[in-house]
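**Q** Coordinates only, no sequence provided:
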Ligand code: ATP
Ligand code: MG
């Protein structure tokens, strides 16, 4: 079992209390073996979720740049049928998206029953970058926490299990990963000069994340602060949380059609 510090149900979240280096009592090798075992369980459970068709699962990934969202998706869903997983990466909103309410583009991408939806960035950008960069007035983003909570409640009550992960890396780890992106030609495409502007506002982002983790951590849609400096521990935490959530769903294969026991397949 992955140990991870839980977010207090009420009260302030201080990210400095959560070490991005934390790996519990795990080492890389045993963690990777465990993840491999969970991967097999995930594949079985996902097949059942799809066949059952009565529940949906939504995985929300948020992180600073180079926080490992892409790597997590690759690692977790290796071995799962692509037919049952839908990944949406939310970028800077287009003109069409900006002319609607902030949840419009998000609501369109929520998973249908039987599916696992993955959001690489999400509606939380609208209280993160939108707040830090002042893209909208404070009176606008302040209201969004409640709007998000109600939106997520609607999804939950409609049969969607929501799991939210903040991949928590340190500022030093981001520097290391940016440097790799600069030296490895295969990773140049992952780096943009804008990333440095965002990095300058690191502390403001941490405050904005703390508010998100505090205001939108609801029993029906909890946040998980994932220690993410060690990629193998990050994968373990996300994978285990997802597998446990699927295992808690009352999944069953649909019943056979009446008379199936008498059917003989003709030659
Ligand atoms: P990586 O971490 O690998 O760089 P990425 O998720 O940053 O991947 P990019 O295409 O580099 O992918 O960036 C997406 C950009 O879109 C981010 O800078 C993010 O802040 C921005 N973005 C996403 N949603 C919104 C939003 N609602 N309003 C404004 N900007 C947004
Ligand atoms: Mg980026």
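**A** Yep, that arrived. The structure displayed is predicted, hence computed values, not measured ones. Numbering: from 1, shown residues only. Ligands and ions are numbered 1, 2, ... in the order given.
**Q** for ligand 1, what are the nearby residues on the stretch 1-150 of the chain?
**A** Residues of the stretch 1-150 of the chain lying near ligand 1 by C-beta under 6 Å from any ligand atom: 65-66, 69-70, 90-93, 121, 125-126, 129-130, 135. Placement of C-beta: from N, CA and C, glycine included.
**Q** same thing but 5 Å
**A** Where the stretch 1-150 of the chain comes near ligand 1, counting by C-beta under 5 Å from any ligand atom, the residues are 65, 90-92, 121, 125-126, 129.
**Q** Can you pick out the most distant pair from those?
**A** Using C-beta to C-beta, these reach their maximum pairwise distance at 65 and 126, which is 17.5 Å.
**Q** between the two, which one's more packed in?
**A** residue 126 (22 against 19; other C-beta atoms under 10 Å).
**Q** Quick check: nearest residue in space to that one, chain neighbours excluded?
**A** residue 102 (4.4 Å; C-beta to C-beta, 6 or more residues apart in numbering).
**Q** Just list the residues touching whatever residue of the chain ends up closest to ligand 1, thanks.
**A** Going by C-beta to the nearest ligand atom, ligand 1 is nearest to residue 125 of the chain, at 3.4 Å. Contact analysis of residue 125 by C-beta atoms under 8 Å, 6 or more residues apart in numbering lists 62, 90.
**Q** let's go with 7 Å and repeat that
**A** By C-beta atoms under 7 Å, 6 or more residues apart in numbering, the contact set of residue 125 is residue 90.
**Q** if I look at it, how far off is residue 265?
**A** Distance of residue 125 to residue 265, computed by C-beta to C-beta, to the nearest Å: 53 Å.
**Q** With residue 120 instead?
**A** Taking C-beta to C-beta, one finds residue 120 at 44 Å from residue 265.
**Q** Which pLDDT does the model give the residue of the chain closest to ligand 1?
**A** For residue 125, the pLDDT comes out at 98.
**Q** now swap in residue 5 and tell me
**A** pLDDT at residue 5 comes out at 65.
**Q** Residue 32 too?
**A** 97.
**Q** my read: it touches residue 232, true?
**A** Yes: the pair residue 32 / residue 232 is scored as a contact, 5.7 Å apart, by C-beta atoms under 7 Å.
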